[in-house]
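# Make a model of this:
(one chain, ligands or ions: 2)
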Amino acid sequence: MSDVLALMDEWGPERVVCVSDSRTGMRGVLVIDNTARGMGKGGMRMSASVTVAEVARLARVMTYKWAGVDLFFGGAKAGIAADPASPDREAILRSFVRALSQEIPRRYVAGLDMGLTERDAAIVQDELGDRGAAVGTPHALGGMPYDELGVTGYGVAEAADAAARHAGIALAGARVAVQGFGAVGHAAARRLAELGATVVAVSTVHGALHDPDGLDVDRLLALRAEAGDAAVKEYGGPLLDVGAELLVPADVLVPAALQDVIGEDVASRLRARIVVEGANLPTGPAAQRVLAARGVTVVPDFVANAGGVVAAGFAMDARYSAFRPEPEAVFSAVSAKLRENTATVLTAARAQGTTTHQAALALAQRRVRAAMDLKGRLPH
Ligand SMILES: NC(=O)C1=CN([C@@H]2O[C@H](COP(=O)(O)OP(=O)(O)OC[C@H]3O[C@@H](n4cnc5c(N)ncnc54)[C@H](OP(=O)(O)O)[C@@H]3O)[C@@H](O)[C@H]2O)C=CC1
Ligand SMILES: O=C(O)CCC(=O)C(=O)O
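Ligands and ions are numbered 1, 2, ... in the order given. Have a look, this model is predicted:
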């Protein structure tokens, strides 16, 4: 845990709970970062390589993400160290939720992150029984299935359009490369294509497809519906090495898979004029400075990928309402909020001569600090 102690600062994390179970082999962690603006809320990640520090960093992004869209929840994230393809997946997930019965759902409401789907949210819900709810559950359970609907990816594309306008580039006809073809990546590619962009590359852990004249996004989406993320292999044609999609000639780059994929070296070599962060934490401060110095417009993660939290906010309200929100209402709220936030942050960065991450952080931290002050949480 010493790595997490080093990450602790005036914002949090407030609580780090590690749990394990010898029967199922479950190992996991819940990090509640900052609850000044509300209870802990954020997705659960299942990945064989997840670490406590990774989850703590992701929980901090959630603190800023909720503040960025001005919704009243606190930052939190959960991580389960398991392969999502494990045959014991359900037992591991149930065991994780049971082991955190003091925290879920009193201090933390679960949602979706990498490796988990609506079906898993239904299992979490089942495990909680009458003690509370998860969000991201299937429609048939009265939930808001934001990954199936592709809400986050939709918002990423809307943010890309707002950023293109800001940079004086037309998204229609622009070449876009997308890393990741999961819940966020596929929906971003779909909406970008609807907005007239030419998707020239997409990737999964199997490799990257690249066609400078544009991939057939409809065919890729149909293959994904049949074969999941193996769609990239099923599409046919040579696959580039994983990571090559970040460097192909493109106007817009959408990293929508893992954290820390764009370091200083990739930042100095990537060809896009706009980077829209679908993933959480794909860049760090050093890479952000390199990109800013090169004149690359970057839409920070917690601005660009906030569609999921807007949808989760609707889902939280719907738990106590007789009326379920229509997906159209969610998409329209996501579009309006993310376009506005993107324009605000890019304009502030330009006016203040800062990176876009610095401008976005200033906005979010101002809101969190104000809540901490009102609740008497600031040091005297
Ligand atoms: N789901 C959501 O609502 C939200 C997610 N995010 C963030 O978006 C990112 C993606 O999440 P999500 O789409 O839900 O996750 P998924 O698990 O649905 O999809 C992840 C995708 O990334 C691919 N991938 C994994 N490793 C690599 C790699 N090294 N190179 C290229 N592709 C890779 C996976 O391929 P394969 O399947 O072949 O392994 C898969 O296509 C994460 O950073 C997450 O935190 C942010 C906001 C909300
Ligand atoms: O809060 C949620 O339910 C999911 C959203 C999320 O985890 C994220 O935006 O990274």
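
# Now do the same contact list for the residue in the stretch 51-200 of the chain that ligand 1 sits nearest to.
Here the stretch 51-200 of the chain gets closest to ligand 1 at one residue, residue 182, 1.7 Å apart by CB to the nearest ligand atom. Every residue, glycine included, has its C-beta placed from N, CA and C. Contacts were defined as CB atoms under 8 Å, 6 or more residues apart in numbering; by that measure residue 182 touches 114, 204, 229, 256, 257.

# Count the neighbours of the residue nearest to the first one when sequence neighbours are not counted for me.
Meaning residue 114. Leaving aside its sequence neighbours, residue 114 sits nearest to residue 45 (CB to CB, 6 or more residues apart in numbering; 4.9 Å). Neighbour count for residue 45, taken as other CB atoms under 10 Å: 23.

# is it fair to say residue 78 lies in a strand?
Yes. Under DSSP: H, G, I helix; E, B strand; the rest coil, residue 78 sits within a strand.

# Now for the closest residue to residue 194 other than its chain neighbours, how many residues are close by?
Leaving aside its chain neighbours, residue 194 sits nearest to residue 157 (7.8 Å; criterion: CB to CB, 6+ apart). Counted with other CB under 10 Å, residues neighbouring residue 157 total 31.

# One more: residue 22?
7.

# Which one (most neighbours) among the contacts of residue 182?
Result: residue 256 is most packed of those (other CB under 10 Å), 29 neighbours.

# Please tell me how far it sits from ligand 1.
5 Å (CB to the nearest ligand atom, to the nearest Å).

# my read: that residue touches residue 279, true?
Yes. Using CB atoms under 8 Å, residue 256 is in contact with residue 279, at 5.4 Å.

# Can you pull the residues that touch both of these two?
By the contact definition CB under 8 Å, 6+ apart, residue 256 and residue 279 are jointly contacted by 179, 180, 184.

# Next step: the residues you listed restricted to helices.
Counting by DSSP state H, the part of the shared contacts of residue 256 and residue 279 found in helices is residue 184.

# Reformat the contacts of residue 182 as JSON lines; add secondary structure, pLDDT and distance to residue 372.
Listed next are those as JSON lines, based on DSSP: H, G, I helix; E, B strand; the rest coil; pLDDT from 0 to 100; distance: CB to CB, whole Å:
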{"residue": "114", "secondary structure": "coil", "pLDDT": "96", "distance to residue 372": "30"}
{"residue": "204", "secondary structure": "strand", "pLDDT": "95", "distance to residue 372": "40"}
{"residue": "229", "secondary structure": "helix", "pLDDT": "79", "distance to residue 372": "40"}
{"residue": "256", "secondary structure": "coil", "pLDDT": "98", "distance to residue 372": "32"}
{"residue": "257", "secondary structure": "coil", "pLDDT": "98", "distance to residue 372": "33"}
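
# quick one: contacts of the helix or strand hosting residue 287?
Here residue 287 sits within helix 285-293, counting by DSSP states H and E. Applying CB under 8 Å, 6+ apart, the contact partners of helix 285-293 are 262-264, 266-268, 275, 283, 298, 349, 355-357.

# please redo it, this time with the cut-off set to 7 Å
Residues from elsewhere that reach helix 285-293 (CB atoms under 7 Å, 6 or more residues apart in numbering): 262, 263, 264, 267, 268, 275, 298, 355, 357.

# Going by neighbour count, list what's buried in it.
287, 288, 289, 290, 291, 292 (16 or more other CB atoms under 10 Å).

# of these, closest to ligand 1?
residue 287 (15.6 Å).

# Near ligand 1, which residues of the stretch 51-200 of the chain are found?
By CB under 6 Å from any ligand atom, the part of the stretch 51-200 of the chain that sits against ligand 1 consists of 112-115, 146-147, 152, 179-185.

# and with 8 Å instead?
Within the stretch 51-200 of the chain, the positions near ligand 1 by CB under 8 Å from any ligand atom are 58, 65, 84, 111-117, 136, 146-147, 151-153, 179-186.

# again with the stretch 201-350 of the chain
Counting by CB under 8 Å from any ligand atom, the stretch 201-350 of the chain sits next to ligand 1 at 203-206, 208, 228-230, 232, 242-243, 245, 256-259, 261, 278-282, 301, 305-309, 311.

# are any of the residues you listed buried, and which?
203-204, 208, 229, 232, 242, 245, 256-259, 261, 278-282, 301, 305-309, 311.

# So which of those sit within strands?
Among these, the residues falling in strands (DSSP state E) are 203, 204, 208.

# of those, closest to residue 14?
Nearest to residue 14 among those is residue 204, at 35.3 Å by CB to CB.

# what's around the nearest residue to residue 139 once chain neighbours are set aside, how many residues?
Spatially, and ignoring its direct neighbours in sequence, residue 139 is nearest to residue 145 (5.5 Å; CB to CB, 6+ apart). Using other CB under 10 Å, the number of residues around residue 145 comes to 24.
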